[in-house]
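> my questions concern the predicted model and sequence given below.
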Amino acid sequence: MKKANKRLTILNINCQSENKKIADLHQVIDQVKPDIIVGTKSWLTPDICNSEIFPKDLYCIYGKDRTGRKGGSVFLAISVDSLSSEQPELDTNCELLWAKVDIIGVKSIYIGAYYKPQENDTESINGLSRSLQRIPTRSNIWLLGDFNLPKYDWVKQELKPNCKFTNTYKNFFDIMNDHNLE
């Protein structure tokens, strides 16, 4: 179990076919030395062993592979030095995966890897909302991934003028606000 005074380092990575970039991933891991890796669009499938991708004995790997079509999928790689557990009760019908990390002296942290495949994907947003509603109230929540919101200015925190799907964006940010996520 991690101690509260140690800083957590997180690597959020949009892989675009991780199994073809193993050497690059290992180089980034060696440089950054992340405690937690959140990955989207890994294209990993059940027939690829985690040990083929991730450095052995360094991480507990949790994954949600896309089935039925190529691409997508999300994973969490959490240092074996951390006490972590996958949270299957938070699963919904979208590309979202949760793990809980326990740190001495701090409330548990729910870490989510989320991939919204299309800009106007309301079904994925609704799945995210249902999942967030299942997390115990007053929990620490860290949601990372690929939100696929290209018409949002993240610096100014506003929609760009040419946004075609304003209701989808509004719904997403209403959900974020409802759960105190920023």
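Noted; the coordinates are in hand. Quick caveat: nothing in here was measured; it's all calculated off a predicted structure.
> residue 132: how many residues sit nearby?
Other residues within reach of residue 132, judged by other C-beta atoms under 10 Å, total 22. Heads up, the C-betas are built off the backbone N, CA and C, glycines and all.
> what are the phi and psi values for it?
Here is the backbone geometry of residue 132 (degrees, to the nearest 10): phi -60, psi -30.
> quick check: the gap between it and residue 8.
Separation of residue 132 from residue 8 (C-beta to C-beta, to the nearest Å) stands at 21 Å.
> helices of the protein, start to end?
Assigned by DSSP state H, the helices in the chain fall at 22-32, 50-53, 122-134, 166-178.
> and these, which is most packed in?
helix 122-134 (a mean of 18; mean count of other C-beta atoms under 10 Å).
> mind checking the pLDDT average for that helix?
Averaging pLDDT along helix 122-134 yields 96.
> now do that helix against helix 166-178: the angle between them, please.
Orientation check (axes from the mean of the first three to the mean of the last three C-alpha atoms, to 10 degrees): helix 122-134 against helix 166-178 gives 10 degrees.
> off-centre distance for helix 122-134?
Offset of helix 122-134 from its chain centre (C-alpha atoms, centre = their mean, to the nearest Å): 14 Å.
> residues contacting residue 125?
Contacts here follow C-beta atoms under 8 Å, 6 or more residues apart in numbering; on that basis residue 125 touches 116, 168, 171-172, 175.
> ok, now how distant is the most centrally placed residue in the chain from residue 104?
In the chain, the residue lying closest to the centroid (C-alpha atoms, centre = their mean) is residue 113, at 1.4 Å. According to C-beta to C-beta, residue 113 stands 24 Å off from residue 104.
> pLDDT wise, what is the residue nearest to the centre of the chain at?
Reported pLDDT for residue 113: 96.
> one more: residue 71?
Residue 71 is given a pLDDT of 57.
> ramachandran angles for the residue lying farthest from the centre of the chain?
Distance from the C-alpha centroid of the chain, by C-alpha atoms, centre = their mean, peaks at residue 161 (28.1 Å). Per-residue torsions, residue 161: phi -60, psi -30 (degrees, to the nearest 10).
> per-residue confidence at it?
Predicted confidence (pLDDT) for residue 161: 93.
> pretty sure residue 172 sits against residue 149.
Yes - judged on C-beta atoms under 8 Å, residue 172 makes contact with residue 149 at a distance of 6.7 Å.
> for the residue nearest to the centre of the chain, which non-adjacent residue is spatially closest?
Nearest residue to residue 113 in three dimensions, chain neighbours excluded: residue 74, at 3.9 Å (C-beta to C-beta, 6 or more residues apart in numbering).
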